[in-house]
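Visitor: Have a look at this prediction, sequence included:
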Amino acid sequence: MNVAPFDRAARIGVVPVIAIPSADYAEPLADALLEGGLPIAEITFRTEAAAEAMARVSETRPDLLMGAGTVLSVDAVSSAVAAGATFGLAPGFDPEVVAAADAAGLPFAPGIMTPSDISLATARGCRLMKFFPAMAAGGPDMLKNISAPFLHLGLTFIPTGGVTQDNMHEWLSLPIIAAVGGTWIAKPADIEAGDWAGITARARHAVERVDEIRG
């Protein structure tokens, strides 16, 4: 499977997780992120506008590395691919979804929260996983402990759920973290308000923070 998009995501270090209210916001949102030096977004299938928003970004803003989030079904995999998504993530592990993503050539990170989840995902060939809900599930210490028996497999993780500007350093200081995902950069209310300057500022600050943490 082509993992280049996740390699790029790891280099960037932070992935905005976005529940977009309307596809009409797709281009200005992409522009705000790009202006902030953050050329990546995970548009989640939590809204009906997701597929169209992804398609618009894919067509008009190719410089933005765009992924699909909350990919919960085989149909969602097909929708993500058709919309031009370059990677996908899910909050949990579903072997049928993993298989569908693999068959479609869509780099995919299933969600895990327990050692059993990790065992199931690794058995399906997954080496990058989403840790969700990251803070509610125990935070960095929990992930460090449950992943320890599997580290010889070269696993890495993207934690989301409760990750913020204030605690992202706790995650990015761990070598097992590829990138962090968070909603604070572009919340639905900010998008609906057209607060593009605010989104750009938060994107820029997040990028600067990653650079500070990683040195």
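Guide: All right, it came through fine. Every value quoted in this text rests on a predicted model; they were computed, and no experiment measured them.
Visitor: All the helices of this structure, residue numbers only.
Guide: 4-12, 26-35, 50-60, 74-82, 95-104, 115-123, 139-147, 168-172, 188-192, 196-214 (DSSP state H).
Visitor: Can you lay out the ones you listed as a markdown table showing mean pLDDT?
Guide: Below are these laid out as a markdown table (pLDDT from 0 to 100):
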| stretch | mean pLDDT |
| --- | --- |
| helix 4-12 | 96 |
| helix 26-35 | 98 |
| helix 50-60 | 98 |
| helix 74-82 | 98 |
| helix 95-104 | 98 |
| helix 115-123 | 98 |
| helix 139-147 | 98 |
| helix 168-172 | 98 |
| helix 188-192 | 98 |
| helix 196-214 | 98 |
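Visitor: Let me have those helices in CSV, adding distance to Gly154 and mean neighbour count as columns.
Guide: Heads up, the C-betas are built off the backbone N, CA and C, glycines and all. Shown next, in CSV, are these (distance: least, Cβ to Cβ, whole Å; neighbours: other Cβ atoms under 10 Å):
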stretch, distance to Gly154, mean neighbour count
helix 4-12, 13, 17
helix 26-35, 30, 21
helix 50-60, 30, 20
helix 74-82, 24, 18
helix 95-104, 18, 17
helix 115-123, 10, 16
helix 139-147, 11, 17
helix 168-172, 18, 21
helix 188-192, 36, 15
helix 196-214, 19, 17
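Visitor: What are the neighbouring residues in contact with Leu64?
Guide: Shown in contact with Leu64 (Cβ atoms under 8 Å, 6 or more residues apart in numbering): Ala30, Leu33, Leu34, Pro39, Ile40, Ala41, Val57.
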